[in-house]
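A.B. asks: A structural model of the following input is requested.
(2 chains)
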Amino acid sequence: DARVTQTPRHKVTEMGQEVTMRCQPILGHNTVFWYRQTMMQGLELLAYFRNRAPLDDSGMPKDRFSAEMPDATLATLKIQPSEPRDSAVYFCASARGVGTEAFFGQGTRLTVV
Amino acid sequence: GESVGLHLPTLSVQEGDNSIINCAYSNSASDYFIWYKQESGKGPQFIIDIRSNMDKRQGQRVTVLLNKTVKHLSLQIAATQPGDSAVYFCAENSYAGGTSYGKLTFGQGTILTVHP
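C.D. replies: The predicted structure follows:
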């Protein structure tokens, strides 16, 4: 049963700490999306990759957020330093290609205190 | 101070009724649309999709209608069941050039509540 796997599922951290969220896309999918979901903003697209290359990260605060794909089986989203306003659920999704359905992971619920 | 969140549209129906959820999209360059269902504590789950060269597509108990003239999308659920209670999102895939190619963005969502 192919699925997108995100770790950790929950993370509580103190303000100022570094947070790294990981995503394993479905094998064979060449497109990976990172979204942030909050009550205030809904589902915001932070960044997305195709064939491991970043295509658009305009939705991401550049000063503290970074997204990478070290290899085809791993995508990471890092926040350094974290702030309370970063508290949200972060979702990773992968797709087989352009114009195909994106499959979502279960999300990482981040709480910054 | 009091926080203000998104005021999501809500739809309440009785079990067995048909439900219609609407979505307005903004990008005329979007060529592919998806409806997702999100249950509490879970990630969005694919329901049905439609490409811009179509105006209607049917699945099991669900139908999506696309009106490109007014940039409007709707999801119809037949014989709605309590298990259909969730937040429903429409998403659009941009076919514009450059870095927007294949960009998948989401609408604000609609809360569907089905009463037994």
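A.B. asks: okay, CA-based contacts and neighbour counts for the rest of this
C.D. replies: Noted.
A.B. asks: now do the strands in chain B.
C.D. replies: B:10-14, B:19-24, B:30-38, B:45-51, B:56-58, B:62-67, B:72-77, B:86-94, B:104-106, B:110-115 (DSSP state E).
A.B. asks: just checking, what packs against the fifth one?
C.D. replies: Strand B:56-58 sits against strand B:45-51, strand B:62-67, with contacts defined as 3 or more CA pairs under 8 Å, 6 or more residues apart in numbering or on different chains; DSSP states H and E.
A.B. asks: which parts of the lowest-mean-pLDDT helix or strand in chain A are buried?
C.D. replies: In chain A, the helix or strand scored least confidently by mean pLDDT, DSSP states H and E is strand A:53-56, which has a mean of 88. Buried residues in strand A:53-56, counted by 16 or more other CA atoms under 10 Å in any protein chain shown: A:54-56.
A.B. asks: does chain B have contacts with that strand?
C.D. replies: Yes. Applying CA under 8 Å from any CA of the partner chain, one finds strand A:53-56 in contact with chain B at A:55-56.
A.B. asks: which element follows that strand toward the C-terminus?
C.D. replies: strand A:65-71 (DSSP states H and E).
A.B. asks: neighbouring strands of the helix or strand just after that next one in the sheet, and parallel or not?
C.D. replies: Tracing the chain past strand A:65-71, the next element assigned as helix or strand by DSSP H and E is strand A:74-79. Note on strand A:74-79: by DSSP bridges, its sheet partners are strand A:19-24 (antiparallel), strand A:65-71 (antiparallel).
A.B. asks: roughly how far apart are the residue sitting nearest the centre point of chain B and residue B:7?
C.D. replies: For chain B, the residue nearest the mean C-alpha position is residue B:90 (3.1 Å; CA atoms, centre = their mean). Remark: distance between residue B:90 and residue B:7 (CA to CA, to the nearest Å) = 16 Å.
A.B. asks: who's the most centrally placed residue in chain A bridged to?
C.D. replies: Among the residues of chain A, the one closest to the centroid is residue A:34, at 3.5 Å (CA atoms, centre = their mean). Judged by DSSP bridges, the bridge partners of residue A:34 are residue A:47, residue A:92.
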